[in-house]
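J.: Sequence and predicted model, in that order:
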Amino acid sequence: TAAADAGKGFTRLWRGVQSVIYGCIPAHALYFSSYEAVKAVFQERQHAGHTSTVSTESNNLGPLGSSVAGATAAFCHDLIMSPLDTVKQRLQLGHYEGTGHAIRQIVRHEGLAGLYRSFPITL
């Protein structure tokens, strides 16, 4: 409870960190796979119609391709990490008993939008 956690001081800052750890591997996997998927689309379009072999310079996506690939990857990553970061922050404030309890209560009282409250800010 919040009253029990009030006297814990520094250790209270670590409440909720496990919720972020749960999402790190899937979020980073989605980040890199979405980046590579968008990169492949741009490279395929860049080389469409060319019958010669791909040179080492062909891996350059250019500013547009790099921007779109990076933005897509960041968006996908943040789809996973934003809700977990919201849970972490609220656990640090002492509002909930644990990760599962926090997710259930946020969804019950605020809907799924409550988990994504910080999503626009992270982008």
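T.: Right, received. Where do you want to start?

J.: Just checking, which helix or strand of the protein averages the lowest pLDDT?
T.: Scoring the helices and strands of the chain by mean pLDDT, DSSP states H and E places helix 2-5 at the bottom, with a mean of 54.

J.: Low-confidence regions, this structure specifically.
T.: 1-9, 49-59 (pLDDT under 70).

J.: what's the distance between the residue nearest the centre of the chain and A102?
T.: Nearest to the mean C-alpha position of the chain, counting by C-alpha atoms, centre = their mean, stands D78 at 2.6 Å. Counting by C-beta to C-beta, to the nearest Å, the gap from D78 to A102 is 19 Å. Every residue, glycine included, has its C-beta placed from N, CA and C.

J.: again, but for H47
T.: Distance from H47 to A102, by C-beta to C-beta: 48 Å.

J.: Pick out whichever of the two has more residues nearby.
T.: Taking H47 and A102 together and counting by other C-beta atoms under 10 Å, A102 has the greater number of neighbours (23 against 14).

J.: mind checking how far the helix or strand where M81 lies is from the chain centre?
T.: Using DSSP states H and E, M81 sits within helix 62-92. The chain centre lies 4 Å from the centre of helix 62-92; the measure is C-alpha atoms, centre = their mean, to the nearest Å.

J.: other SSEs contacting it?
T.: Packing contacts for helix 62-92, counted by 3 or more C-beta pairs under 8 Å, 6 or more residues apart in numbering; DSSP states H and E, involve helix 17-46, helix 99-110, helix 112-115, helix 119-122.

J.: okay, those in CSV with distance to L93 next?
T.: Below are the helices and strands packed on helix 62-92 laid out as CSV (distance: least, C-beta to C-beta, whole Å):
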stretch, distance to L93
helix 17-46, 13
helix 99-110, 10
helix 112-115, 14
helix 119-122, 17
